[in-house]
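Asks: got a structure for you, letters missing:
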């Protein structure tokens, strides 16, 4: 296995221009594909997940042209009707591609096989399939019940016709199920109500979905977090040009580095996301502030510096609203005094890996005392971080990026399989090296 040895970091300071948001990139590509006409998407993230979506759209007959060597693309929309009605789609471990495409293709009167890597086949999709079946969609499981791979069949479904005007979906496993329904059900061309059963997790990600749908001319009435109404007669309309924000989840590692500081630390600023961002993970900076970090905001940037007394505070906090960025708080807890507890994060267990178990295992390697529950984790830092820990990353980009912050504790650390960051941030370690000494 490849590995990367990080030397102790003595100084951290500088500015990082963030890559595009994964969540915004893949939502924007699909919405642009569902429009009539052309949409220029600027600043698309270069990553494994966006590549899977681009490949899927090409397989479905949607033309996407890259503008030179830039990360700008022209998407030639299909007006809600994919040209290719028979396709085999490999989607890797890209949940932001797999879940919304499942919903959109279920309403597209075609024969589609959707599959991915082994871990994708362990990530639940049953709640989304149940909701789509309520609308009359024909979807079969090809392996374990409730999990990919899937076979979508045309059966008696006709484009623009579904069997019900109201569907229910559970909200406590993944917000991507609701996102998929919100983006796909306008294709039904009838009044549709989505009822969310139980607690809806990761609400800020639904806000991203609604915001982007509005940019593409689609109005959704959010009656509450448990009921959404999509009026009939709407079609996706190209905004002509749309810019992808920097990734707020990726910002968390650099902001945490600024908050933790080093022996001779300074402030770290990220650009591409700020106070005007539509991403909920910008609120990660608020959690750092609760820990005592000095946070400064601009419309398109955030800056973090260590607490005035140099010591981050342990906190007990519910981070259901920012589950991805919450992982970075678990590692930042290594630099506090006392016990930090992160609650309401059961969704960690169905991500790229079981992140609760993985995080507990790797934090113990650096000397932390860790307790783990079904939906929470607590971390008590050691007096001194263990040097030369070998961190396993579980083919999970966020594990690799989170644990790079161990080097700020004045100890070397080895990151196994560092290239797993390609899922969202292929150049992460180069960017980290650029602002550290």
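Replies: All right, it came through fine. Small disclaimer: the values here were computed from a predicted structure and weren't measured.
Asks: hey, where'd the helices end up in the chain?
Replies: Here the chain has its helices, by DSSP state H, at 22-34, 48-59, 95-106, 126-134, 175-184, 203-215, 248-260, 284-290, 323-332, 355-365, 397-403, 428-434.
Asks: how about TSV for those, with distance to residue 168 and mean neighbour count added?
Replies: The C-beta positions use only the backbone N, C-alpha and C, and glycine is treated the same way. Shown next, in TSV, are these (distance: least, Cβ to Cβ, whole Å; neighbours: other Cβ atoms under 10 Å):
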stretch	distance to residue 168	mean neighbour count
helix 22-34	23	27
helix 48-59	27	21
helix 95-106	14	27
helix 126-134	6	20
helix 175-184	10	26
helix 203-215	16	19
helix 248-260	29	29
helix 284-290	32	21
helix 323-332	23	27
helix 355-365	28	21
helix 397-403	31	28
helix 428-434	39	16
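Asks: compare those helices and report which one is nearest to residue 152.
Replies: Among the helices of the chain, helix 95-106 comes nearest to residue 152, with 5.3 Å by Cβ to Cβ.
Asks: avg pLDDT for stretch 419-428?
Replies: Mean pLDDT, stretch 419-428: 96.
Asks: list the buried residues in it.
Replies: 420, 421, 422, 423, 424, 425, 426, 428 (16 or more other Cβ atoms under 10 Å).
Asks: residues in contact with the third one?
Replies: This points to residue 422. In this structure, residue 422 makes contact with 47, 48, 397, judged by Cβ atoms under 8 Å, 6 or more residues apart in numbering.
Asks: please name whichever of the helices of the chain is nearest to residue 80.
Replies: Closest approach to residue 80 among the helices of the chain (Cβ to Cβ): helix 22-34, 5.1 Å.
Asks: helices and strands around that closest one, which ones?
Replies: Helix 22-34 is packed against strand 38-42, helix 48-59, strand 73-76, helix 95-106, helix 175-184, helix 203-215, with contacts defined by 3 or more Cβ pairs under 8 Å, 6 or more residues apart in numbering; DSSP states H and E.
Asks: repeat the analysis, applying 6 Å as the threshold.
Replies: Helix 22-34 is packed against strand 38-42, helix 48-59, helix 95-106, with contacts defined by 3 or more Cβ pairs under 6 Å, 6 or more residues apart in numbering; DSSP states H and E.
Asks: output the contacting helices and strands for the first one.
Replies: On a contact count with 3+ Cβ pairs under 6 Å, 6+ apart, strand 38-42 meets helix 22-34, strand 73-76, strand 241-243.
Asks: my guess is residue 65 contacts residue 72. True?
Replies: No: under the criterion of Cβ atoms under 6 Å, residue 65 makes no contact with residue 72, lying 9.6 Å away.
Asks: out of those two, which sits in the busier spot?
Replies: Neighbour count, other Cβ atoms under 10 Å: between residue 65 and residue 72, residue 72 has more, with 17 against 11.
Asks: ok, now how distant is the more buried one from residue 183?
Replies: Look at residue 72 and residue 183: by Cβ to Cβ, to the nearest Å, they are 22 Å apart.
Asks: ok, now residue 123?
Replies: 19 Å.
Asks: for the helix or strand bottoming out on mean pLDDT in the chain, the distance to its chain's centre please.
Replies: Ranked by mean pLDDT, DSSP states H and E, the weakest helix or strand in the chain is strand 336-337, scoring a mean of 95. Strand 336-337 has its C-alpha centroid displaced from the chain centroid by 28 Å (Cα atoms, centre = their mean, to the nearest Å).
Asks: can you list the strands that it pairs with?
Replies: Strand 336-337 pairs in its sheet with strand 312-313 (parallel), by DSSP bridges.
Asks: what's the mean pLDDT across stretch 137-149?
Replies: Mean predicted lDDT for stretch 137-149 stands at 97.
Asks: list the contacts of residue 53.
Replies: 26, 29, 97 (Cβ atoms under 6 Å, 6 or more residues apart in numbering).
Asks: actually residue 365, sorry about that
Replies: Residue 365 makes contact with residue 389 under the criterion Cβ under 6 Å, 6+ apart.
Asks: care to break the protein down by domain?
Replies: 3-19+245-435, 22-228 (the TED database).
Asks: apart from its neighbours in sequence, what residue is nearest residue 101?
Replies: Using Cβ to Cβ, 6 or more residues apart in numbering and skipping the chain neighbours, the partner closest in space to residue 101 is residue 56 (6.0 Å).
Asks: same check on residue 356?
Replies: Nearest to residue 356 is residue 348, by Cβ to Cβ, 6+ apart, at 4.6 Å.
Asks: thanks again, I'm all set now.
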